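*Asks:* got a predicted structure plus its sequence, pasted below:
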Amino acid sequence: MSMELDVFVGNTTVLDQDVYQLWLDGHTVSDAVRIRMEAGALQECEANAEVLHSDTTDQFRTFQMCERLLQSPSKVANQLLFQIPPHRQTMLIERYYEFDSVFAREVLGKKLSKGTKKDLDDISSKTGIALKSCRRQFDNFKRVFKVVEELKGPLVENIQRHFLLSDVLARDYAAIVFFANSRFEAGKRKLQYLSFQDFAFCAGQLISYWTVGAVDNMMEDLDVDLEKDFLHDLKDLKVLVNDKDMLDQHKSLVCAQLRGKIKVFSEMEANFKNLSRALVNIASKLTHTKDFRDLFIDLVEKLIEPCRSDKWTIGDLRLFLKHYSSSVHMLEAFRHQVIWDRYMSVIKSCILKMYHD
Amino acid sequence: MPGRLKAKIVAGRHLPVMDRASDLTDAFVEVKFGNTTFKTDVYPKSLNPQWNSEWFKFEVDDEDLQDEPLQITVLDHDTYSANDAIGKVYIDIDPLLCSEAATVISGWLPIYDTIHGIRGEINVLVKVDLFNDLNRFRQSSCGVKFFCTTSIPRCYRAIMVHGFVEELVVNEDPEYQWIDRIRTPRASNEARQRLIFLMSGELQRKIGLKVLEMGGNAVVGYLQCFDLEGESGLVVRAIGTACTLEKISTFPATATHPNNSSPSKDMKDSPQAAPSTLGCRSTHSSPVHSASSRLSQGFSISVPTLLFSGMGSGGSAGKEAGPLKALLKQQTQSALEQREYPFFTLTIFPPGFLLHVGGVVSARSVKLLDRIHNPDEPETRDAWWEEIRQEIKSHAKALGCHAVVGYSESTSICEEVCILSASGTAAILSSRFMQDGPLDTEHRLSQQPLCVFSAGSERVEGDMGSSASLGFEEVVSPGCGFCHIPYDELNIPFPAQLTYCYCCRRYKVPDVLFTTIDLPTEANVTGKGCLIQARLCRTKKKAQGEGNAMAISNLLPFLEYELHTQLMNKLKLRGMNALFGLRIQISVGETMLLGLASATGVYLTALPSPGGIQIAGKTPSDITYEQHISNMQKKINDTITKNKEQYEINPPEVVEEIIGSPIPEPRQRSRLFRSHSESSDEVSEIDLSHGKKDAFVLEIDDTDAVEDIHALLTDSPTPAGFYSCNTEIMPGIQNWTSAIQMFTSVRVFRLNANLTNQGLNKIFSDLCENLLKSLYFKLRSMVPCCLCHLNFTVAIPEDELIQVAVTAVAMSFDKEQTLENGKRSGEKTLIKAITENDEQLQFNLELNAESSSPNPLGSPKGLSEVGSHPSARDRCSSWIEQLKLKAHTIRRGSVKTTSSMEKASPLPEGRSRSLRSNRSYSGSSVAVVKMTPLSFIPGAKIIKYLGIINMFFIRETSSLREEGGVSGFLHTFIAEVFAMVRAHVAALGGNAVVSYSMKECVFMENPNKNQAQCLINVSGDAVIFVRESELELTSVQPQSATTQTSNGGEGT
């Protein structure tokens, strides 16, 4: 004896947000029922386990039916199959595209191809996120990437327009797309301490100031590609370390500003040339794909680690970077102020974001 | 050439990929009407083609316009092979044929394929130019309006209610034709869909013709069903109530009711003494079975008429039992009787229409199907229904009633056996809406109605020619008039306990009332109501042909009797005394019969308080046994007390306050009852109470009764914050919010073989209970809320499977009691005012009629063995007991106004025009379309009816597992049906469907072959509604209000 068939269809689609979350998290029906029982669902409406099981199965089926639509969110609003009030549509889409930052961190910088999908099993066991949920999140990344890859115009807006996501979520997706597109190295052990949010912030900075779209938002290409001319111009910054006079002058200017203001003054003074060389070298090598991909690892190895070993505080670092970049304006022989500012403002905020344990 | 149909194909969207190589589709469209087909150009390589076709014009007869659907087929062009069909859209042109309904169909409609479901959408424009038809012998009936709503539609007024119309058409089922062996499932499904569309159209046209003949212009309570008889064919049948409606153009609250063109002619005839039982009265003919004859001693029970279609000439003989016939002959005929069938499919009535209610009448008959040889002459099926209707008619007569209201018909088919059922509520109607009918002069003279007005502005109707006088008051108090008995108290057609009305104290009322109609809004009700269900399963042996039919008809009376017992017990357990909306469904399978009775129980203030339930044991000597009994008794008493609290039933004090009428002695008695019922465990009191029938006695000396008691106590109460009913409205709840949620839920349960009756019963009952529990849980976010119009349908799709389908609407309400009370009393006074108005009007009219005093005459003929079996100890007698109680059927008061009706003042014409012109405003996002099985939308006014929606779909799959198994398959299909209904309503310019129902949901599966098939038939009325809150703004800003409505932002 068994229930052969059990369906409930509302004229307005009935959606339970809590159950939706359980479904998104990749639980099986019986897991979900158990979780709901533990959460006290049986107290509501004099329900019993059977009722809960029926409800959960039904909701899961509904979500599964909606899933096809959610994969192209623009269809949700003008499809006829499910009558869902607009605010619920927004909720469904937003939640469907939300992801675990732990998961995103794992995928960051990897190629969003099928090969990586096999790694999902590993990620799942490493992060404790159900494989089903990993699949969904990964497929979402891939789908968004595929769609915006071929679009012109500003990345964040494109994502928002095509996937109807909130601004915050769209920015996170932009970061993922940016990383996947530029293939930044993010998996190295030295970078493990950095969270997804750290990278997302840096990606946001890069997108806002260094990309094609940052200067001209009607470009032909994907605006997540960095502006070639800018990268080329960065080579000119070499003069700052190659010209001995200029380097000395720069150092004395910075020291003058910082004397007595930071605790690690002597370390700074001793290390100034190394630090400056590191920053300028990173800039000048960005035209090479390999070096470009290593941007974050370089920042960590050449700047963050030395500072950390000298026990710089974040305040020290902030002051140093501020004066390091502004002092350049006083170097009369230096002609690349605009490029310098564009470079330093991004690097500065990235370093500061990344400077933690 | 009376009509030109024009169609334009604008665009498509979300089309499926038909060419895997390019991931695109080269789509074009065929537009077909009758035998004419047009094609659009191919729009290459797009999933969102823009055809923007010219106007395709079809010049056709209006007869064809009514019968044929416009058929739109979307195809993928293929240069080398045959074009692939993407899907089809059938468009019912009917709404465009009526000047008052829709004028254009325009919008996105889902493209449907019977194998793949919805595959994208197509945007079309359809218009009709009708020319005046000068042919007086025309076969078309364009312009007759159809409504599924079983009341007078909200923005109309009934000038005249003409009466019953029925029609059926038959055809061969394409699925069973020889050609089906060689064609694809898709072709076969499409042939079936198309055929049913055609048959529905033809049926509607023919009914329309009948309406025109009667002088009417509309059909309300239109109920169309189809019977899939398998090999023997396909029957589409419909019944309805012909009316002359007039659009209300002024404020309706004060609208006077139309004068009837002629003074009333129809009265009830004398109640005949023929046996009847409330709720189940029917006569039996040929083979009389021993069991039933035993049971029917004294009064008839529902012994089904059993006729074999193979035998005799269709079996129209022997409809009535001998004595009945004789009696009938003696009776004079009233005008209503002159009508073939004085039946009304209405369940809610215009004020003043329904005077008294007699009780439920029903008839069933078991038939053997054979092939319909000549589809053009569906005489056999006609004859079958005729018999049943005759039976119903005579039952009504026996209850002293001249009409049957809330009338419906249904069938259950299993292999070649078919059970036909009809039921309704015997009633006395006011003549004011009724036409003279085919009454000839002679007749009229002898049958002049008698109207006497006594001082208290009450009217007493009598019937001169008849042998009985019935003292009827009309409209003494609108809240109780309908309860007063229509039959002669000295000549009660069935055993009944009569008391004086607890409201007006003047007229007799029964102690229990069963009806199939909706609760009249003006009825005085104490507390709230609730859904009451009786469920029953009975096994039967597998058999063939006549043997099978015989076995079924032997079982039916028992089944029906037990359902009534259960209903009565459950009613008493809730401390209530009346049932409304009673619907008994009997479903037949190969090895079992399934009975499900659903109704809404209420406490009618006018009726006496129900006694408790007493349990009696056969052998009171045994001490432990007595202990057991008294324990059970205590449980029952506790439950009754608890229920009374839950449903706020605390008579009669409340009654006094509301009505303010003097309460004579019966009050004392009622107190007695109450104390009695509350005093527990005094088994010795049984005899006392038994004779007086204060309490209902259950004997537990046989296993069935034990089972009954268990069934009684296992019904779990509705959770806090929920109410449920199967009627339109719930007494005691008025302040609905705008949040409504219509839903359909289907469950199929697989049984083990070899279950006992008890085991089956338990499973079936649990199935229904669990389904209800699941509904409450699902809808918990809407609390406080009421599930209204809970409509259960049971079926036995195959051996060992039970299918239960429910369609209902959940409506939230505001808790604020104060608000509610205020509103309620306000409404009451309003109703009263109307009533008085009506009365005056009517007096004037009827004074013309020659009036004389009623002849009080109690003819003691008839089998009045009332109370003659009080001490009987066998099942039969306890049944009698039941019936006595049951026997008190309701009659209804003369004033009938639904609360929402009052609210529903129509808009001036200009408003609705602005609304229509504004429709396209809703733009690209999908407009919200509400659906409800009710005839109204809370907090809103229906300003226009756009036409009837009647759709039939078949869905089939041969990849069941891939579509998520049977649940996934059916879930998708139901969602698709909803989507198609909404899309068609939106295309007509509407924003809601009212009186929606899913009339058929036939599901078949073959998991081994990975296949399943489902047929769904839905219907309803497409309407435009406007929120009341927006109405107030409309004069200032009609446009913005309109847009809001059609976009319907609120979360329902």
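*Replies:* Okay, I see it.

*Asks:* which sections of the stretch 101-250 of chain A are below the confidence cut-off?
*Replies:* Applying pLDDT under 70 to the stretch 101-250 of chain A picks out residues A:114-117, A:213-224.

*Asks:* find the closest residue to chain B in it.
*Replies:* For the stretch 101-250 of chain A and chain B, the shortest gap (Cβ to the nearest Cβ) falls at A:Leu164, measuring 12.4 Å. Bear in mind the C-beta positions are built from the backbone N, C-alpha and C, glycine included.

*Asks:* how about the strands in chain A?
*Replies:* Secondary structure of chain A (DSSP state E): strands at A:2-10.

*Asks:* and the residue of the stretch 351-500 of chain B found nearest chain A, what are its bridge partners?
*Replies:* For the stretch 351-500 of chain B, the residue positioned closest to chain A under Cβ to the nearest Cβ is B:Cys414, at a distance of 18.6 Å. Bridge pairing for B:Cys414 (DSSP bridges) gives the partners B:Val417.

*Asks:* so the residue of the stretch 101-250 of chain A closest to chain B sits right up against A:Leu70, yeah?
*Replies:* No - taking contacts as Cβ atoms under 8 Å, A:Leu164 lies outside contact range of A:Leu70: 10.2 Å.

*Asks:* give me the common contacts of these two.
*Replies:* Residues touching both A:Leu164 and A:Leu70 (Cβ atoms under 8 Å, 6 or more residues apart in numbering or on different chains): A:76, A:93.

*Asks:* state the distance from B:Gln1013 to chain A.
*Replies:* Plainly put, B:Gln1013 is 13 Å away from chain A if you go by Cβ to the nearest Cβ, to the nearest Å.

*Asks:* residues in contact with the nearest residue to A:Tyr324 once chain neighbours are set aside?
*Replies:* Distances taken as Cβ to Cβ, 6 or more residues apart in numbering or on different chains put A:Val254 closest to A:Tyr324, at 5.5 Å, once the chain neighbours are dropped. Listed by Cβ under 8 Å, 6+ apart, the contact set of A:Val254 reads A:272, A:320, A:323-324, A:327.

*Asks:* so which of these sit within helices?
*Replies:* Counting by DSSP state H, the part of the contacts of A:Val254 found in helices is A:272, A:320, A:323-324, A:327.

*Asks:* let me know the closest of these to A:Leu22.
*Replies:* Nearest to A:Leu22 among the ones in helices among the contacts of A:Val254, counting by Cβ to Cβ, is A:Phe320 at 48.8 Å.

*Asks:* what about B:Leu195, how many residues close to it?
*Replies:* When neighbours are counted by other Cβ atoms under 10 Å in any protein chain shown, B:Leu195 registers 18.

*Asks:* surely it is within a helix?
*Replies:* Yes - counting by DSSP: H, G, I helix; E, B strand; the rest coil, B:Leu195 is located in a helix.

*Asks:* quick check: pLDDT value at it.
*Replies:* pLDDT recorded at B:Leu195 is 91.

*Asks:* surely it touches B:Glu175?
*Replies:* No - B:Leu195 is not in contact with B:Glu175 according to Cβ under 8 Å; the separation is 9.8 Å.

*Asks:* now what about the one helix or strand B:Val29 maps to, what contacts it?
*Replies:* Taking DSSP states H and E as the definition, one finds B:Val29 inside strand B:27-33. For strand B:27-33, the external contacting residues (Cβ under 8 Å, 6+ apart) are B:5, B:7, B:9, B:12, B:15, B:18, B:37-43, B:46, B:49, B:51, B:53, B:56, B:58, B:60, B:64, B:68, B:70-77, B:83, B:86, B:122.

*Asks:* which parts of the stretch 251-357 of chain A are helices?
*Replies:* Secondary structure of the stretch 251-357 of chain A (DSSP state H, counting those that start in this stretch): helices at A:265-284, A:289-293, A:295-298, A:305-309, A:314-327, A:337-354.
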